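S.K.: structure of the sequence below:
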Amino acid sequence: MAEFLLKMVNSFTIFSSEKKSDETDNGQISRLCRPQKAVKAYHSAIRSNCKSKMKVLPGKFKNWKDKGETIMRFGKSCGFFCAVFWVVVLSAGCSSSSDGGSTNNDSSGYQTYTAPGSDLVLRIPDTLEVLQEDIEDIHHLADMAPHCYTTNGGSIDIVLAQACIYYDQYYLYPQYFPSGLNNITNVKAYVEYFQINDRFTYYFSPEDFMDIMLWYHGDTTSIGFSIEYNGQTVTAQNPPIINGIDPFTRAWIDGFQIGDKLMEIDGKSIVGMNRDAVDLLFPTNEGETVEITVDRNGVEIAIDTAAEDNICLLIDQDIAYLNARTFTQKTGEEIRLGYDELKQKAGGQIDKLILDLRHNVGGAISGSLVLVDYLINNDNGTSPMFSISGPGFDDETYYLGEYTEFNIGDFEKTNFVLLIDENSASASEIVAAVLKHYGTATLIGETTFGKGIGESIVELIDGSGVAIPSLNGLPPSGESYHNIGILPDYPLNAYPSSFDDDPVLAAAIEYLNTGDITIAASDQTARKSDKSFAAKSIDPLKEKLHKTHRNGHY
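M.R.: Residues are numbered from 1 along each chain as shown. Okay, the predicted model is just below:
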């Protein structure tokens, strides 16, 4: 029986790690081997290292970049930080023989599959293209998994069975499993059951999952506003209206306002265009610029902006302002390149640094760890950055100098400020924890979100996906910040009305120039608690992942 490959992205939330070496250890690629029998054998087998050739299901992954290179590059033990985690399901004893099972049509739009000696019946929709050998693999693994069963003799949807296998192997909270799948008919309902007790697990439709992959790899970005369309076709009387602006994004920095009516994009009127045509005019590549003309209270204003998740500006000619809106696989390198450009503009010398991670909800940890390695002048490979553990994963620690031996400058608490708030989460908190532990930066703002766990985001055979909390992470101190957060050195709960009226940014500049934040922290500063701005999210990354063009976010 052939191997069955699924795509899993480890996240914090989304965890990943791009090692500086391209060396491959094929024998250490994590894979699921079907056991001969018994639940105990199942749990033992899923951690084994059976040798076998890999095969990708025909047509399944044609839109994902560098598929083969990714498999090789991220093969190391498929631990916490595998950027693309290929889980290989093998036959019993890792052999290649059939199990004698049978597939039957039931004339209701489904096929059913069972195997000798098993009470489990899989239900496969006629519309789902899946190889027979892969049906057999899923059946065997589900049959061995302690939580993937029914007690009433009913059949189980094959996609649900596949999701159940992954929850059974990786889920951090086994106490939340349902007692069987009797009344659960699909993956969405399965995830909703866990959500009763777990806010960090969720389901993605196939369309949402593809958007997530593009975002995770850094292949798409946004300006930072959402718009509301009045009908499918734009008219002069009912143009699209900006109804939301994400704080600290290019849209926010460049001065867009809620209520602005969109009139032109790059000098082209959008009147008479349908929504899909308008969508195509917005930039999606990092750094891609655009001019957007809006009607604000009867006055037309042309605003130059860009789709940009990594914003790098020079303040007062001697302060580098680095603003990361999210963490993708490319974030660390893109921030470094942005810093290099600022350094050239400053005549080759920058002595002060501000890193703004407010409202950065996290993402690919490769981006955050590469960034930390660039920022801390310690590359001896013995100073820990982060440690991980979880069901189905090897415990592992990652060290400074493991990702890069290059440092962008010699920064410390007196000339480096990190801005954080209550929606700085996950991978952002890793950056904050490491910089604080090694005394590299002064932290100003609010206590961070407090998310010290990571999800594995798994693609299922119908193209949908699930996020499974599966990993615990610890900073260099060894003390978890989960449900606690990272405390700032200078607490400042202030309301920024715009980029030019931002008390927290003003505090950072004041600190770098004077060593104090007396003025910015005065009683005259407007407090965020007095405003409706930036309420703490229940799960900020989930909200970020659902901000797509299809949902009106640009």
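
S.K.: for the rest of this, base every contact and every neighbour count on C-alpha atoms.
M.R.: OK.

S.K.: can you name the helix or strand that Gly454 falls in?
M.R.: Under the criterion DSSP states H and E, the helix or strand holding Gly454 is strand 453-459.

S.K.: other SSEs contacting that strand?
M.R.: strand 4-10, strand 465-474 (3 or more C-alpha pairs under 8 Å, 6 or more residues apart in numbering; DSSP states H and E).

S.K.: dump it to PDB, restricted to CA.
M.R.: Extracted in PDB, the C-alpha atoms of strand 453-459 (Å, rounded to 0.1, in the frame of the first residue of the first chain):
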ATOM      1  CA  ILE A 453       0.700  27.300  23.000                       C
ATOM      2  CA  GLY A 454       0.900  26.500  19.300                       C
ATOM      3  CA  GLU A 455      -1.500  24.900  16.900                       C
ATOM      4  CA  SER A 456      -0.700  22.500  14.100                       C
ATOM      5  CA  ILE A 457      -2.700  23.600  11.100                       C
ATOM      6  CA  VAL A 458      -3.500  20.500   9.000                       C
ATOM      7  CA  GLU A 459      -4.900  20.200   5.500                       C
END
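
S.K.: list the strands paired with that strand, with their directions.
M.R.: strand 4-10 (antiparallel), strand 465-474 (antiparallel) (DSSP bridges).

S.K.: weakest of the helices and strands packed on strand 453-459 by average pLDDT?
M.R.: Among those, strand 4-10 carries the lowest mean pLDDT, a mean of 38.

S.K.: from the chain's centroid, how far away is stretch 471-491?
M.R.: Offset of stretch 471-491 from its chain centre (C-alpha atoms, centre = their mean, to the nearest Å): 19 Å.

S.K.: brain fart, stretch 185-204
M.R.: 18 Å.

S.K.: go on, stretch 235-253?
M.R.: For stretch 235-253 - counting by C-alpha atoms, centre = their mean - the centre lies 24 Å from the chain centre.

S.K.: what about it, start to end distance?
M.R.: The first residue of stretch 235-253 is 28 Å away from its last residue (C-alpha to C-alpha, to the nearest Å).

S.K.: cool, and stretch 239-254?
M.R.: The first residue of stretch 239-254 is 21 Å away from its last residue (C-alpha to C-alpha).

S.K.: repeat that for stretch 411-430.
M.R.: 18 Å.

S.K.: per-residue pLDDT, Ala526?
M.R.: 58.

S.K.: quick one: Asn105 from Gly259, how far?
M.R.: In terms of C-alpha to C-alpha, Asn105 sits 55 Å off from Gly259.

S.K.: these two: who's more crowded?
M.R.: Gly259 (17 against 14; other C-alpha atoms under 10 Å).

S.K.: contacts only, for that one.
M.R.: The contact partners of Gly259, taken as C-alpha atoms under 8 Å, 6 or more residues apart in numbering, are 241-243, 296.

S.K.: tell me which helix or strand of this protein sits lowest on mean pLDDT?
M.R.: Lowest by mean pLDDT, DSSP states H and E among the helices and strands of the chain is helix 67-73, with a mean of 23.

S.K.: looking at the contacts of Gly259, which is nearest Ile388?
M.R.: Ile388 has its nearest neighbour among the contacts of Gly259 in Asn243, at 39.7 Å by C-alpha to C-alpha.

S.K.: CA atoms only for the helix or strand the closest one falls within, dumped as PDB, please.
M.R.: Per DSSP H and E: Asn243 is located in strand 241-245. Taking Å, rounded to 0.1, in the frame of the first residue of the first chain, the C-alpha atoms of strand 241-245 are listed here in PDB:
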ATOM      1  CA  ILE A 241     -17.000  52.600   2.000                       C
ATOM      2  CA  ILE A 242     -14.100  51.900   4.400                       C
ATOM      3  CA  ASN A 243     -15.700  50.400   7.500                       C
ATOM      4  CA  GLY A 244     -12.600  49.300   9.400                       C
ATOM      5  CA  ILE A 245      -8.900  50.100   9.700                       C
END
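
S.K.: pull the residues that contact it.
M.R.: In contact with strand 241-245 (C-alpha under 8 Å, 6+ apart) are residues 224-229, 251-252, 256-262.

S.K.: let me see the mean pLDDT of that strand.
M.R.: The average pLDDT within strand 241-245 is 94.

S.K.: check stretch 109-127 too.
M.R.: The average pLDDT within stretch 109-127 is 91.

S.K.: same thing with stretch 482-490?
M.R.: Stretch 482-490 comes out at a mean pLDDT of 96.

S.K.: list the buried ones in whichever helix or strand Gly332 is part of?
M.R.: Gly332 is part of helix 331-345, with elements assigned from DSSP H and E. Neighbour-count burial for helix 331-345, counted by 16 or more other C-alpha atoms under 10 Å, picks out 331-332, 334-336, 338-340, 342-343.

S.K.: so what secondary structure elements neighbour it?
M.R.: Against helix 331-345 (3+ C-alpha pairs under 8 Å, 6+ apart) you get strand 310-315, strand 319-324, helix 365-375.

S.K.: after the last one, which helix or strand is next?
M.R.: Next in sequence after helix 365-375, counting helices and strands by DSSP H and E, comes strand 384-390.

S.K.: can you give me the strands in the stretch 401-550 of the chain?
M.R.: 416-420, 442-445, 453-459, 465-474, 490-491 (DSSP state E, counting those that start in this stretch).

S.K.: quick one: the longest one to strand 384-390, angle?
M.R.: Angle between the axes of strand 465-474 and strand 384-390 is 130 degrees (criterion: axes from the mean of the first three to the mean of the last three C-alpha atoms, to 10 degrees).

S.K.: could you give the number of residues near the residue nearest to Tyr193 when sequence neighbours are not counted?
M.R.: Closest residue in space to Tyr193, ignoring its immediate chain neighbours: Pro178 at 7.4 Å, by C-alpha to C-alpha, 6 or more residues apart in numbering. When counting by other C-alpha under 10 Å, one arrives at 15 neighbours for Pro178.

S.K.: mind checking the SS state of Pro178?
M.R.: coil (DSSP: H, G, I helix; E, B strand; the rest coil).

S.K.: cheers, nothing more for now.
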